[in-house]
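Novice: Kindly return the folded structure for what I paste below:
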Amino acid sequence: MDTQLSHVTQQYLNEFYQILDTMIQRMTNVDITTSISRNFILQMIPHHEAAIEMSRNLLQYTTNIELQNIALNIITSQNQSIEAMLRALDRCSTIVNQNTDIVNYQRAYNSIIEEMFNNMANAPISNNIDINFINEMIPHHIGAVSMARNALRFDLCTELIPILNEIIRSQSIEVQQMRVLLATLENQT
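Specialist: Have a look, this model is predicted:
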């Protein structure tokens, strides 16, 4: 990296990397059971919590109204998703999958999160915090969409299916919004 980072950017990044480290720890330390529904919920909750914390971190620094709106929407929608998953957790934990499905689900999950963690940790950085956030959040959202699609390949509790479909829908839309905004911001620098 050629650019020396400002103190403010460094503060933002320090918090981001702390959030990322916590998310990695929590997502990789879920006790795997015979219920893919349960496993998914307990893996996705820390993922959502990280998005909320990343958005709160951004809101301390950004003056970009469009990005503020995206971050506020992430906070609202992912809090709602966490609440829905927690309401479904007890019932969903009773849905048991075959061992081969557990292995196939977990293998794909591990591949998805490894790529997501790598892309987030190695996102390009600059003194533009807005661009940094987008470069970090796009792979985070892509990871969520991939995790949801992976889970949908298997037998799940019925309460979980609309939650997964909403993750795919809403986060795909936000990825497109962030890509458009990123192109605009990069053209301004």
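Novice: Low-confidence regions, this structure specifically.
Specialist: Within the chain, the ranges that satisfy pLDDT under 70 run 1-3.
Novice: Recalculate using a threshold of 80.
Specialist: The chain contains residues with pLDDT under 80 at 1-3, 189.
Novice: can you pull out the helices in it?
Specialist: 7-28, 36-59, 65-92, 99-121, 129-151, 160-188 (DSSP state H).
Novice: Just send these back as JSON lines, with mean neighbour count too.
Specialist: Just so you know, the C-beta spots here come from the backbone N, C-alpha and C atoms, and that holds for glycine as well. JSON lines is the format used below for the helices of the chain (neighbours: other CB atoms under 10 Å):
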{"stretch": "helix 7-28", "mean neighbour count": "16"}
{"stretch": "helix 36-59", "mean neighbour count": "22"}
{"stretch": "helix 65-92", "mean neighbour count": "16"}
{"stretch": "helix 99-121", "mean neighbour count": "15"}
{"stretch": "helix 129-151", "mean neighbour count": "21"}
{"stretch": "helix 160-188", "mean neighbour count": "16"}
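Novice: which residues does residue 46 contact?
Specialist: 22, 23, 26, 27 (CB atoms under 8 Å, 6 or more residues apart in numbering).
Novice: For the most centrally placed residue in the chain, list the residues it contacts.
Specialist: For the chain, the residue nearest the mean C-alpha position is residue 140 (4.0 Å; CA atoms, centre = their mean). Going by CB under 8 Å, 6+ apart, residue 140 touches 47, 50, 51, 54, 116, 120.
Novice: just the residues you listed now: which is nearest residue 93?
Specialist: Set against residue 93, the nearest of those by CB to CB is residue 47 (18.4 Å).
Novice: which among the contacts of residue 140 gets closest to residue 14?
Specialist: Using CB to CB, residue 54 is the member of these that lies nearest residue 14, at 12.8 Å.
Novice: Excluding chain neighbours, what is closest to that closest one?
Specialist: Nearest non-adjacent residue to residue 54, counting by CB to CB, 6 or more residues apart in numbering: residue 19, 5.5 Å away.
Novice: Give me the nearest residue to residue 99, chain neighbours excluded.
Specialist: In space, residue 99 comes closest to residue 34 once its chain neighbours are excluded; the distance is 7.4 Å by CB to CB, 6+ apart.
Novice: Sweet, I'm off.
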